[in-house]
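Chemist: Using only what follows, build the 3D model:
(one chain, ligands or ions: 1)
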Amino acid sequence: MQTKANIQNIAPYQPGVLKAGAIKLASNENPLGSSPKALAALKADLDKLHLYPDGGCVRLRNALAVHYGLTPEYFLPGNGSDEIFHFITGAFVSPGERVLTTEITFSEYTFAAQLFAGAVDYAPLTDGRLQLDVLLRKITPQTKVIFLANPNNPTGAYCEAAAFENFLQKVPGEIMVVLDEAYAEYAAAADYPDSLRLLKTFKNLLITRTFSKIYGLAGLRVGYVIAAPETIAYLNKTREPFNVNALAQTAAAAALQDTEFVQRSRANNEVGKKYLYAEFTKLKLKYYPTEANFIFVYIGQDCVTAFQKLMDRGVTVRPMRSFGVPDAIRVTIGTPEQNQKFITALKEIL
Ligand SMILES: Cc1ncc(COP(=O)(O)O)c(C=O)c1O
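Modeler: Residues are numbered from 1 along each chain as shown. Alright, predicted model coming up:
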């Protein structure tokens, strides 16, 4: 077998651990389950599975267009936003060219770049937060794509609207800026960017979102990119004919109507956030304020050992060692009962 160096160098993705009988607070899933409207729509479509999916995702793109007040040409759905990152790097990055992102962020940007033999540059974070001027200084003539998670996974920090717009003004127009808003629906800060407003001005802006988080449909795999119609038409050339399965399309279109579930999920998240902040403060643990559905917290001990001990007590979290932080964990905000169980276990191991 003659292998390619860029593929050999890829470290396989480590998913959050699911242990029978344990609460999983390791993958930022929705602790309230799935959108009930999505589940009802799925049941109604179960007798159509002998048919291929709608290859153009027409119904879902129309539903997204209505939801956001844009036209369907602005949207391209994918098999999770992960697949969208592949479309983008495949379409814009040639071997040896560069992708820019930050340290301590979602690993799939690096994976997507490596898959297409691109190189990756990382801008440092300060206390979990990105300084956009630092990112600007990392741009090189070979930089083709910038990936920014907002809020950032795993730190939960966000870029403010004014700073982000100022950043876009300074990025050369030929570099594609991917704003990954997987957790946008949880963001509560008043100055969280209204990124859709920027699409008309900045043709190099691509916004990705997902049904995996607040809509509770991670198992179905459906995300999407919102960008200028010419960018969408170009990316559309790179996808497989039936990249989003039929049930995913049905569930996602129905979930967009489920404002009650979204509001309930957001409210649960805010309650859990306040509770966990208060408990971490009592325990004198440093944490980063979050705009997402998880919290990055320093625990003053080796995180992989702590992860094992917490798992023994029935809770799985994400150790931050693979992100280069040996003494922190990331915990998904769960239901009140799950959060209490996590805090009880944490107190025991500290
Ligand atoms: C920042 C970020 N982007 C994207 C994703 C993946 O989303 P999807 O399930 O749509 O592939 C995740 C999943 O954890 C994430 O944290």
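Chemist: Mind giving me the packing neighbours of the helix ranked longest in the chain?
Modeler: Secondary structure assigned by DSSP state H gives helix 259-282 as the longest helix of the chain. Helices and strands touching helix 259-282, by 3 or more CB pairs under 8 Å, 6 or more residues apart in numbering; DSSP states H and E, are strand 294-298, helix 336-349. Where C-beta positions appear, they are placed from N, C-alpha and C, glycine not excepted.
Chemist: Check which residues of it are buried.
Modeler: Neighbour counts over helix 259-282 (16 or more other CB atoms under 10 Å) mark 261-262, 265-266, 268-269, 272-273, 276, 279-280 as buried.
Chemist: Mind telling me what element the residue nearest the centre of the chain is part of?
Modeler: For the chain, Ala182 is the residue whose C-alpha lies nearest the centre (CA atoms, centre = their mean; 3.6 Å). Taking DSSP states H and E as the definition, one finds Ala182 inside no helix or strand.
Chemist: Look up the closest residue to it, ignoring the ones flanking it.
Modeler: Thr210 (4.8 Å; CB to CB, 6 or more residues apart in numbering).
Chemist: again, but for Arg209
Modeler: Glu181 (5.2 Å).
Chemist: What's the separation between the nearest residue in space to Asp127 that is not next to it in sequence and Ala233?
Modeler: In space, and not counting its chain neighbours, Asp127 is closest to Tyr288: 7.0 Å by CB to CB, 6+ apart. Here the criterion is CB to CB, to the nearest Å. By it, Tyr288 lies 39 Å from Ala233.
Chemist: any idea of the pLDDT on Lys19?
Modeler: Per-residue confidence for Lys19 comes out at a pLDDT of 80.
Chemist: neighbours around it, how many?
Modeler: 13 (other CB atoms under 10 Å).
Chemist: so who does the residue nearest to Leu49 when sequence neighbours are not counted touch?
Modeler: Take Leu49 and drop its neighbours on the chain: the residue closest to it by CB to CB, 6+ apart is Ala246, 6.7 Å away. Ala246 sits next to 45, 48-49, 51-54 when contact means CB atoms under 8 Å, 6 or more residues apart in numbering.
Chemist: Which among those count as buried?
Modeler: Pro53.
Chemist: Return the member of the contacts of Ala246 nearest to Ile84.
Modeler: Ile84 lies nearest to Pro53 out of the contacts of Ala246, by CB to CB, at 16.9 Å.
Chemist: For the ligand, what's the nearest residue on this protein?
Modeler: Gly80 (2.8 Å; CB to the nearest ligand atom).
Chemist: can I assume that residue is in contact with Tyr224?
Modeler: No. Assessed by CB atoms under 8 Å, Gly80 is found out of contact with Tyr224, at 9.8 Å.
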